[in-house]
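1. Make a model of this:
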Amino acid sequence: MRASTGEQFVLTRSTPFGPAEAIITEVAASIRTLRINGVDLTQPYPEHVPPPFGCGIVLVPWPNRIEDGLWQHDGQPQQLVLSEPKLHNAIHGLLVHTAYWMVSRTDDSVTLAASVFPERGYPFALETQVTYQLVDDGLTVTHEIRNEGATPAPAAIGTHPFFQIGDVPTKDLTLTVHAASRFPVDERLNVSAEVPVEGRFDLRAGQKVETLKLDDAFGDVTPIDQVTATLTAPDGRTVSLWQDENFPYVQVFTTPNFPVGDNLTVMNALEPDTTPPESRTLAIAIEPMTAPADAFNSGQSLRWIEPEQTWTASWGIRYTV
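-> Below you'll find the predicted structure:
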């Protein structure tokens, strides 16, 4: 039977910490598995279900939400398909269900590609690539977007990895985010402002994951050695998100309902709240973004790619022992 996530690209590499393995999916170019020396650094899920909560998928040409799926281009309204009908928004771009094709592959890397064709609400043509490369301390991810149209095209990039240190309960990890601002949202999870972090939203000194309830974007990021966010185990091990200068934002999302186990059904993966309690776990997504939610309307950090121009941006996952 064909996997719901398509072909599975298995990457392997020897590292100073032990053997590393990553599994990248054909559909949505998702990180389905990343582990070093048997320790899972991302939340795995079975190949026969769609990625729960969008786990590990690539978000292009916009991450997060566009309110009502509506924006303006050259004075003309553009109406995107409402891919989040319950909240009446367009969410996570146009490639979340797309099968990528393989461009190149080695033992420890794979480059996948997908096209964005002009469609309702987005009358632009893009060619996209994403390269996953295992390295000694984790994973490097490089995105390329080329404008194949005749006019400048708006674009932003995001991804949706869930982080963990697999042999430590996620509730016992401490989250640090080097960000000085956040983006509050309304009841439909649309951005309403950008404000300084304070109280439970100030994660610069670290807070236990078990105390957090977040679905918030953060800005005014001040990376330390490119690292913007870190999960730290009680024994001092860390898994971190690093971002280059193209990724000045990060979204943090926590859920107690991430489905686990090999007996998940497609329906339970799509509707995780229906999963039995014994098949759920606390999980945390730490999502690099080149622009915040609704950037097509605000213009904040939105990249306009000129015809025949290619935009390259990188981020990665770093493990320390």
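
2. looking at this, residue 210 is in a strand?
-> No. Assessed by DSSP: H, G, I helix; E, B strand; the rest coil, residue 210 does not belong to a strand; its assignment is helix.

3. Please verify my assumption that it contacts residue 171.
-> Yes. With contact defined as CB atoms under 8 Å, residue 210 reaches residue 171; the gap is 3.6 Å. To be clear about C-beta, it is placed using only N, CA and C from the backbone, and glycine gets the same treatment.

4. what residues are shared contacts of those two?
-> Residues touching both residue 210 and residue 171 by CB atoms under 8 Å, 6 or more residues apart in numbering: residue 282.

5. Name the SS class of residue 241, please.
-> The three-state assignment at residue 241 reads strand, by three-state DSSP.

6. So what's the residue count around it?
-> Residue 241 has 26 neighbours, counted by other CB atoms under 10 Å.

7. show me what contacts it?
-> Contacts here follow CB under 8 Å, 6+ apart; on that basis residue 241 touches 161, 163, 227-230, 250, 286, 288, 315-318.

8. make it 7 Å
-> Shown in contact with residue 241 (CB atoms under 7 Å, 6 or more residues apart in numbering): 227-229, 250, 286, 288, 315, 317.

9. Is it possible to get TSV of those residues that adds secondary structure?
-> Formatted as TSV, these follow (three-state DSSP):
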residue	secondary structure
227	strand
228	strand
229	strand
250	strand
286	strand
288	strand
315	strand
317	strand
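
10. Only the buried subset of those, as a PyMOL command please.
-> To isolate the buried ones among the contacts of residue 241 in PyMOL, judged by 16 or more other CB atoms under 10 Å, type:
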select buried, resi 227+228+229+250+286+288+315+317
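
11. these two touch, right, residue 12 and residue 106?
-> No. Between residue 12 and residue 106 there is no contact under CB atoms under 7 Å: 10.2 Å.

12. Pretty sure residue 92 sits against residue 61.
-> No. Counting by CB under 7 Å, residue 92 does not reach residue 61; the two are 10.3 Å apart.

13. Check what pLDDT residue 277 gets.
-> Note on residue 277: pLDDT of 73.

14. Could you look up the SS state of residue 3?
-> What three-state DSSP gives for residue 3 is coil.

15. Can you give me the first-to-last residue distance of stretch 158-171?
-> One end of stretch 158-171 to the other measures 25 Å (CA to CA, to the nearest Å).

16. for that stretch, the distance to its chain's centre please.
-> Averaging C-alpha positions (CA atoms, centre = their mean, to the nearest Å) puts stretch 158-171 12 Å from its chain's average.

17. Buried residues, that stretch. List them.
-> For stretch 158-171, the neighbour count (16+ other CB under 10 Å) marks 158-166, 168, 170 as buried.

18. same check, this time on stretch 294-310
-> Within stretch 294-310, the residues that count as buried by 16+ other CB under 10 Å are 294-297, 300-303, 305.
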